[in-house]
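1. any chance you could fold what I've pasted below:
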Amino acid sequence: MNTRAFPNSPFLLGFERLERLLERSHSATPEGYPPYNVEALPGDGVDNAGGLRLTLAVAGFGRDELAVTVEDNQLIVRGRQKENDDKTFLHRGIAARQFLRSFVLADGIEVTGAALENGLLKIDLARPPSESRIRTIEIKSGA
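-> From the prediction side, this is the model:
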């Protein structure tokens with residue numbers, strides 16, 4: 001059975017790229033680590049629509065153990081903790097684990113910065129201002 005994440009409609013012309021993005025995000029297995037929040041940031045009220053802030057809980061990770069990259073409209077956050085072999089654990093409840101989280105970005109969304117504070121990795125995203133575009137198309141005669 002072939003289930004599609006995007007409706008197949010003759011009225012949606014030129015959305016093949018969006019369809020591929022939706023199918024890629026639909027087929028990805030949901031991960032629970034690290035947990036994250038997405039919040040809307042207020043704009044300046046004139047032409048700025050505001051931005052977004054993505055906050056990931058990455059307790060135990062240092063700046064040098066995290067990587068934030070953008071690859072083809074996909075935000076990828078990687079974490080890899082370094083193993084410390086000179087310690088002997090009597091109980092190990094905090095596992096040194098690695099993770100990879102990816103988020104599909106809409107066209108025009110840009111990553112403006114990232115900061116690590118108190119075990120939270122905050123990634124700020126700028127949303128382009130929405131523009132109302134009206135264009136008149138000249139109709140030529142068939143002759």
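
2. contacting residues around Ala114?
-> With CB atoms under 8 Å, 6 or more residues apart in numbering as the criterion, the residues that contact Ala114 are Val68, Leu121, Lys122, Ile123, Asp124. In this view, the C-beta of every residue, glycine as well, is placed from N, C-alpha and C.

3. partner strands of the helix or strand harbouring it and their direction?
-> Ala114 belongs to strand 110-117 when elements are defined using DSSP states H and E. Applying DSSP bridges, strand 110-117 is found paired with strand 120-126 (antiparallel).

4. got the contact list for the partner strand?
-> 41, 51-58, 61, 66, 68, 75, 77, 105, 109-116.

5. of these, buried ones?
-> Applying a neighbour-count criterion of 16 or more other CB atoms under 10 Å, the buried members of the contacts of strand 120-126 are 51-52, 54-56, 58, 61, 66, 68, 75, 77, 105, 109, 114.

6. need the residue closest to the centroid of this structure.
-> The geometric centre of the chain, computed from its C-alpha atoms, lies nearest to Phe103 (CA atoms, centre = their mean), at 2.8 Å.

7. how close does it get to Leu54?
-> With distances defined as CB to CB, to the nearest Å, the gap from Phe103 to Leu54 amounts to 7 Å.

8. common neighbours of those two, please.
-> Leu75.

9. which strand residues bridge the residue lying closest to Arg63 once chain neighbours are set aside?
-> Leaving aside its chain neighbours, Arg63 sits nearest to Leu116 (5.3 Å; criterion: CB to CB, 6 or more residues apart in numbering). In this structure, Leu116 has the following beta-bridge partners (DSSP bridges): Leu121.

10. can you give me every residue that contacts Leu116?
-> Listed by CB under 8 Å, 6+ apart, the contact partners of Leu116 are Val58, Phe61, Gly62, Arg63, Leu66, Lys122.
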